[in-house]
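# Need a 3D model of the sequence below.
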Amino acid sequence: MSLMVTRAWKKITVVGDESTKRKGQKMSKPGEIVKACQYFDIIAEQFKPGRKTQDFVIVNRNAKIVIGTIKWYGPWRQYCFYPVSDTVWSAGCLEGVFEFLNEVKQTRRNAQ
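The predicted model follows:
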């Protein structure tokens with residue numbers, strides 16, 4: 001696979017590869033487990049056309065169903081957690097989500 005780097009405004013896109021760099025930030029490959037917690041995994045999603053940020057899904061390890069998402073919330077200028085309705089979250093599970101949100105925030109700050 002050949003890689004071709006193009007510049008358009010302030011974003012850098014690696015053509016021919018699923019991982020994408022934007023403003024110096026390396027994004028995760030779609031389907032890659034970016035954080036494994038005791039009861040769930042946080043998995044990177046495919047980049048959506050026209051979006052500058054990557055979304056993540058939270059999948060229950062036992063049932064293999066999506067129980068939440070983490071995506072960029074523009075008005076607050078940060079990643080936020082969106083639980084699926086009628087899901088129950090313990091303090092330990094919320095701690096795992098909180099740690100991931102802090103990791104993503106720190107990665108974005110270091111890239112800028």
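# Please list the residues outside the longest strand seen in the chain that contact it.
Longest strand of the chain, by residue count under DSSP state E: strand 66-73. Residues outside strand 66-73 that contact it (C-beta atoms under 8 Å, 6 or more residues apart in numbering) are 40, 42, 51-53, 55-60, 78-84, 87, 97, 100-101, 104. Every C-beta, even on glycine, is put in place using the N, C-alpha and C of the backbone.
# repeat for stretch 78-93
In this structure, residues lying in contact with stretch 78-93 by C-beta under 8 Å, 6+ apart are 37-40, 53, 66-73, 97, 101, 104-105.
# Please identify the helix or strand for the closest residue to residue 103 other than its chain neighbours.
Residue nearest to residue 103 in three dimensions, not counting chain neighbours: residue 35, with 7.4 Å by C-beta to C-beta, 6 or more residues apart in numbering. In this structure, residue 35 sits in strand 33-36 according to DSSP states H and E.
# Could you list the buried residues of that strand?
Neighbour-count burial for strand 33-36, counted by 16 or more other C-beta atoms under 10 Å, picks out 34, 35.
# Partner strands of the longest strand of the chain, with direction?
strand 56-60 (antiparallel), strand 78-83 (antiparallel) (DSSP bridges).
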